[in-house]
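S.K.: Show me how the following folds:
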Amino acid sequence: MKQFPRLLAVTCALSSSLVLGHDMVPASPQQGPIVIQNATLHTVIDGVQTGSSLRIEQGQIVAIGPEVSTQDAQVIDAKGKHVYPGLIALDTSMGLVEVEMMRPSNDSYEVGESNPQLLAISAFNPDSEIIPTVRVNGITHAQVVPQGEALAGQSSLVSLDSWTIEDALVPTQAQFHLYWPTLRRLAHDEETQKKQLAQYDAQLDTIETTLIDGYRYHMAAQAGTIDKTDNRWQAMQSLYQGKGQLFVHANSAEQIEQAIAMTKPYQLKLVIVGGYDAWRVADQLKEVEAKVIYTRTLSLPMRTDEPTEMSFKIPSLLKQADIPFALGFSSDWNARNLPFAAGQTVAYGLSRQEALKSITLDAAKILGLEDMGAIGVGYKANLIISAGDILDPLSSKIEALFIDGRQIDLNNRQQQLYQKYLKR
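M.R.: Numbering: from 1, shown residues only. Below is the predicted model:
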């Protein structure tokens, strides 16, 4: 049962009165076949195909090859252009935050420590001014994630071109988000240290209690002995049934090991978000078949004694450790830099194809999707046409974007202002 929390509803109403939505009209459903000809296709699943074409019907790719039928189709000549799968931005607050410093326009978090029933999608604003500015860098879909403490709620995958929340939502497995506590640098004063450690232990106890209570409710539900429905634990049923995933936000090896140890008894499907030290605990992660969303590619090193380039190298270390991973970018408007973060990893160990895969197909697989993130027959027609390399900020020039076969308006507020001040 979906829950629309009172506080989120109130702040959403406030936001709508303070911030106007963008004026780009969502595209209509695909009316007829589209053929993109003579392009360089970056398929992700079948290498790079030069001088190739593809045909789109009813939002899906139905044919690929040097020659495809153009019967009854709108033909786009992409000679000299590159065609990529649409990019999937993981771990964003897109559509939840409009102006970061204005509390009434920030619907990304809720009070309380155990809110598994809360759905971030209930506060998503498909008219956010931020969305068109992100699309122009090739991002077609975003994982909209709740923020907060401990078990903060559930995320959803959304299309970045829609009239309503219902139009935007892409069905996936349930996605629960657990923020692991961080033990900050201990104070020199012994008494203060004790307080810090006690607070940290209390936060761990809260998480453990939440997992235990949720599991007990699940067992009682299986036995048919539930007398009174609790929306929190009822929402977690899919997690204990293996139909949902637990996204644990953690970076240090200690946090990741604690998360594995605490969730292992319940055999939960685990995804580590952040994952700075994930490569250091590869064996433990592989034992529980965990995946990683690495989000710190363009960040400074986590420790002062680490090499400056450490954050850039970690994706290649995850690849060497054979840990399934994708790249994310924990932000709202700044998520537009996702392709350039992937490009940075190419200079530090990943191949260009692996980097592209980490923000397309690998991202889709982490969310349990089998028909997104690649250019192939049967895949959704989420596509980018670019004059250059989308992973390179100097040559990337996106000329067209398709979501489910619909060509999207690439205009946005920033381009409108640019054109305005050219006339000054």
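S.K.: for the most centrally placed residue in the chain, what are its contacts?
M.R.: Nearest residue to the geometric centre of the chain (CA atoms, centre = their mean): Leu90, 1.4 Å. With contacts defined as CB atoms under 8 Å, 6 or more residues apart in numbering, Leu90 is in contact with 142-143, 273, 293, 295, 326-329, 363, 366-367. For glycine as for every other residue, the C-beta is placed from the backbone atoms N, C-alpha and C.
S.K.: ok, for it, nearest residue in space, not its chain neighbours?
M.R.: The shortest distance from Leu90 to any residue that is not its chain neighbour, by CB to CB, 6 or more residues apart in numbering, is 3.6 Å, and that residue is Gly328.
S.K.: still on that earlier bit, identify the residue with the minimum pLDDT among the contacts of Leu90.
M.R.: Lowest model confidence among the contacts of Leu90 falls on Phe329, which carries 93.
S.K.: returning to what we had before: check which helix or strand the residue nearest to the centre of the chain maps to.
M.R.: Secondary structure assigned from DSSP states H and E places Leu90 in strand 87-92.
S.K.: what's the spacing between the residue nearest to the centre of the chain and Glu399?
M.R.: With distances defined as CB to CB, to the nearest Å, the gap from Leu90 to Glu399 amounts to 25 Å.
S.K.: before we move on, the earlier item: return the strand holding Leu90 as PDB; C-alpha atoms alone will do.
M.R.: The C-alpha trace of strand 87-92 is given here as PDB (Å, rounded to 0.1, in the frame of the first residue of the first chain):
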ATOM      1  CA  LEU A  87      22.100   7.100 -19.500                       C
ATOM      2  CA  ILE A  88      20.700   6.000 -16.200                       C
ATOM      3  CA  ALA A  89      21.500   8.300 -13.200                       C
ATOM      4  CA  LEU A  90      21.600   6.300  -9.900                       C
ATOM      5  CA  ASP A  91      21.300   7.700  -6.400                       C
ATOM      6  CA  THR A  92      19.900  11.100  -7.300                       C
END
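S.K.: Name the strands paired with that strand and say parallel or antiparallel.
M.R.: On the basis of DSSP bridges, the sheet neighbours of strand 87-92 come out as strand 139-144 (parallel).
S.K.: so how far is the strand it pairs with from its chain's centroid?
M.R.: Relative to the centre of its chain, strand 139-144 is centred 6 Å away, using CA atoms, centre = their mean, to the nearest Å.
S.K.: pLDDT averaged over the next helix or strand after that strand - what is it?
M.R.: Read in the C-terminal direction, the helix or strand following strand 139-144 is strand 150-159, with elements assigned using DSSP H and E. The pLDDT scores in strand 150-159 average 96.
S.K.: Strand 150-159 packs against which elements?
M.R.: For strand 150-159, the helices and strands in contact under the criterion 3 or more CB pairs under 8 Å, 6 or more residues apart in numbering; DSSP states H and E are strand 139-144, helix 165-168, strand 169-179, helix 190-223.
S.K.: The residue nearest to Pro33 when sequence neighbours are not counted: what's it in contact with?
M.R.: The spatially closest residue to Pro33, leaving aside those adjacent along the chain, is Ala73, at 3.9 Å (CB to CB, 6+ apart). With contacts defined as CB under 8 Å, 6+ apart, the neighbours of Ala73 are 32-35, 55.
S.K.: Dump the residues you listed to CSV, plus neighbour count, pLDDT and distance to Gln320.
M.R.: Converted to CSV, the contacts of Ala73 look like this (neighbours: other CB atoms under 10 Å; pLDDT from 0 to 100; distance: CB to CB, whole Å):
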residue, neighbour count, pLDDT, distance to Gln320
Gly32, 11, 95, 47
Pro33, 20, 97, 43
Ile34, 21, 98, 40
Val35, 21, 98, 40
Arg55, 23, 98, 38
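S.K.: From the contacts of Leu90, which land in helices?
M.R.: Restricting these to those inside helices, with DSSP state H as the criterion, leaves 363, 366.
S.K.: quick one: which of the contacts of Leu90 is nearest to Leu183?
M.R.: Each of the contacts of Leu90 was scored against Leu183 by CB to CB, and Val273 proved nearest at 18.3 Å.
S.K.: related to what we said a few turns ago, other SSEs contacting the helix or strand just after the strand holding Leu90?
M.R.: Following the chain from strand 87-92 toward its C-terminal end, the next helix or strand by DSSP H and E is helix 130-135. The elements that helix 130-135 packs onto, with contact taken as 3+ CB pairs under 8 Å, 6+ apart, are helix 413-422.
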